[in-house]
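A.B. asks: Would you be able to build a 3D model of this:
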Amino acid sequence: MVFGAFDVFHKGHLNFFQQARRLAKNPFLVVSVARDVNVKIIKGQNPMFSEQQRLRGVRSCPLVDKAVLGGFKNYIPHIAKEKPAIIALGYDQKAYTKNLKKVLNKENLDIKVVRLRAFKPQVYKSSLTKRILGYSTFVL
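C.D. replies: Okay, the predicted model is just below:
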């Protein structure tokens, strides 16, 4: 299972999905797409695309077996419902991840947590792409 906003889909996201799939012998990749309100809280600005648009985009990726919308406030029920064996975190994902393993253990969820490698972050990063496109918080 992986998490993200996936607002401006790029090769870095594809690499993220590929790395996550390689963690399992029989991969089944569940992608949790962040809710609009959580993108605003975590990134400090509204996403360019709505959660439904972002969900459709992620679902169209052949590397993704299942795409779901994330939880609104408490992410634990969302994770428990999907029952992943592994949670793969992006190299730059900081929100909600600091004590993730401890929180999962406290909730009796035996899930391996892995941090994945960066893939050309100087080129493939949504914030860079948005800057090139001239996106600002005033677009929405």
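
A.B. asks: quick one: secondary structure of the closest residue to residue 49 other than its chain neighbours?
C.D. replies: The shortest distance from residue 49 to any residue that is not its chain neighbour, by Cβ to Cβ, 6 or more residues apart in numbering, is 5.8 Å, and that residue is residue 7. Backbone N, C-alpha and C define where each C-beta goes, glycine included. Secondary structure assignment for residue 7 (DSSP: H, G, I helix; E, B strand; the rest coil): coil.

A.B. asks: other SSEs contacting the host helix or strand of residue 105?
C.D. replies: Mapping residue 105 onto the secondary structure by DSSP states H and E places it in helix 100-106. Where contact means 3 or more Cβ pairs under 8 Å, 6 or more residues apart in numbering; DSSP states H and E, helix 100-106 is packed against helix 76-82, strand 86-89, strand 112-115.

A.B. asks: Go through the first one and flag the buried ones.
C.D. replies: Along helix 76-82, the positions that meet the burial threshold by neighbour count (16 or more other Cβ atoms under 10 Å) are 78-79.

A.B. asks: Quick one: the helices in this protein, in order.
C.D. replies: Ranges of helices in the chain, per DSSP state H, are 11-21, 36-43, 51-59, 76-82, 100-106, 126-133.

A.B. asks: most neighbours per residue, which of the ones you listed?
C.D. replies: Mean neighbour count, computed with mean count of other Cβ atoms under 10 Å, is highest for helix 11-21 among the helices of the chain, reaching a mean of 19.

A.B. asks: Who are the packing partners of that one?
C.D. replies: Based on contacts counted as 3+ Cβ pairs under 8 Å, 6+ apart, the elements that helix 11-21 packs against are strand 2-4, strand 86-89.

A.B. asks: Go through those and name the closest to residue 75.
C.D. replies: Closest approach to residue 75 among those is made by strand 2-4 (8.0 Å; Cβ to Cβ).
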